[in-house]
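In: Just a sequence and a predicted model for now, questions to come.
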Amino acid sequence: QVQLVESGGGVVQSGGSLRLSCAASGFILADYAVGWFRQAPGKEREAVSCITSSGGRTNYLDSVKGRFTASRDNAKNTVYLQLSSLKPEDTAIYYCVAGTYMRFNPGDYAYWGQGTQVTVSS
């Protein structure tokens, strides 16, 4: 069964950090680019980050540049998103996605996780 499972979300104070993990099963994650999207209540879903299959290139939403870092361990079939200097506006459900190309278009990703909640209190 093909699955992406996120973990690592939680409640943190403003300025705090979290590390999200995205573990794949049923397919080889190393063959895919991986993106992170988020959706806050009442807001549009937005792309936060993406990383190439090799991990050699990353891209970030402007508002998270310098605060979020995507990485991957292909030997563990897992991708990570380190969230630092968190702000209340980062509060959202975070989803990891896998697809052929490293893009910010959700339609380019074939596999989606169920999401993990990140809540940042002020």
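Out: That came through fine.
In: Report the buried residues of the host helix or strand of Thr119.
Out: Under the criterion of DSSP states H and E, Thr119 resides in strand 116-121. The neighbour-count check on strand 116-121 (16 or more other Cβ atoms under 10 Å) flags Thr116, Val118, Val120 as buried. To be clear about C-beta, it is placed using only N, CA and C from the backbone, and glycine gets the same treatment.
In: Next, format those as TSV and append pLDDT and distance to Arg38.
Out: What follows is the buried residues of strand 116-121, written out as TSV (pLDDT from 0 to 100; distance: Cβ to Cβ, whole Å):
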residue	pLDDT	distance to Arg38
Thr116	98	10
Val118	98	8
Val120	98	12
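In: residue closest to the middle of this protein?
Out: Trp36 (2.9 Å; Cα atoms, centre = their mean).
In: Quick check, that one in contact with Cys50.
Out: Yes: assessed by Cβ atoms under 8 Å, Trp36 is found in contact with Cys50 at 7.3 Å.
In: shared neighbours of those two, anything?
Out: Counting by Cβ atoms under 8 Å, 6 or more residues apart in numbering, the shared contacts of Trp36 and Cys50 are Ala70.
In: ok so, going back, centre of the chain versus the strand holding Thr119, how much separation?
Out: 13 Å (Cα atoms, centre = their mean, to the nearest Å).
In: In PDB, please show the C-alpha coordinates belonging to that strand.
Out: The C-alpha coordinates for strand 116-121 follow below in PDB (Å, rounded to 0.1, in the frame of the first residue of the first chain):
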ATOM      1  CA  THR A 116       0.100  16.900  10.800                       C
ATOM      2  CA  GLN A 117      -1.100  19.900  12.800                       C
ATOM      3  CA  VAL A 118       1.300  22.600  13.800                       C
ATOM      4  CA  THR A 119       0.000  25.200  16.200                       C
ATOM      5  CA  VAL A 120       2.100  28.200  17.200                       C
ATOM      6  CA  SER A 121       0.900  30.200  20.200                       C
END
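In: Just name the shakiest helix or strand of the protein by mean pLDDT.
Out: Using mean pLDDT, DSSP states H and E, strand 109-112 stands out as the lowest-scoring helix or strand of the chain, at a mean of 92.
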